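missing the sequence, but the structure's below:
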C-alpha cells in the first residue's frame, strides 16, 4: 500500500508536473479496465485537481492552470 500511494506518478499528478502524454496513456489504459466508471473517475479527478475558488479570477495564472488540467483530462 505504501509503495502504491507514494508512486512518482501520483506525486507528479498531484503537483501538476505529470507529462501530458503520460497522463493520456494512463487514462486510455484505465478506460479499458474501468469503462463504465470512466466518466465518474474523470469527474473525481477534476474535483480533486481543480478545486473551485472564487479567488481564481478568469485569466489569473491559477485559473489558466486549472483550464489546462481540464483540457488534458477531457482531451482523450
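Structure's in. What do you need? These numbers were taken from a predicted model, which means no experiment stands behind them. Numbering: from 1, shown residues only.

Next, count neighbours for residue 15.
8 (other CB atoms under 10 Å). Glycine gets a C-beta too; all of them are placed from N, C-alpha and C.

brain fart, residue 23
19.

mind listing what it touches?
Residue 23 is in contact with 13, 72, 73, counting by CB atoms under 8 Å, 6 or more residues apart in numbering.

Repeat the analysis, applying 7 Å as the threshold.
Residues near residue 23 by CB atoms under 7 Å, 6 or more residues apart in numbering: 13, 72.

Span of stretch 49-56 from start to end?
End-to-end span of stretch 49-56 (CA to CA, to the nearest Å): 14 Å.

Can you pull out the residues in contact with it?
Contacts with stretch 49-56, where a contact means CB under 7 Å, 6+ apart, come from 62, 63, 66, 69, 70.

go with 6 Å
Here stretch 49-56 makes contact (CB atoms under 6 Å, 6 or more residues apart in numbering) with 62, 63, 66, 69.

element containing the third one, please.
Secondary structure from DSSP states H and E places residue 66 in helix 61-74.

and that helix, what other elements does it pack with?
helix 38-49 (3 or more CB pairs under 6 Å, 6 or more residues apart in numbering; DSSP states H and E).

What's the mean pLDDT across the helix it packs on?
Helix 38-49 shows a mean pLDDT of 77.

Show me what counts as buried in that helix.
Across helix 38-49, burial judged by 16 or more other CB atoms under 10 Å covers 42, 45, 49.

Next, the angle helix 61-74 makes with the lowest-mean-pLDDT helix or strand in the chain.
Within the chain, no helix or strand scores below helix 38-49, which has a mean of 77 by mean pLDDT, DSSP states H and E. With axes from the mean of the first three to the mean of the last three CA atoms, to 10 degrees defining the directions, helix 38-49 sits at 160 degrees from helix 61-74.
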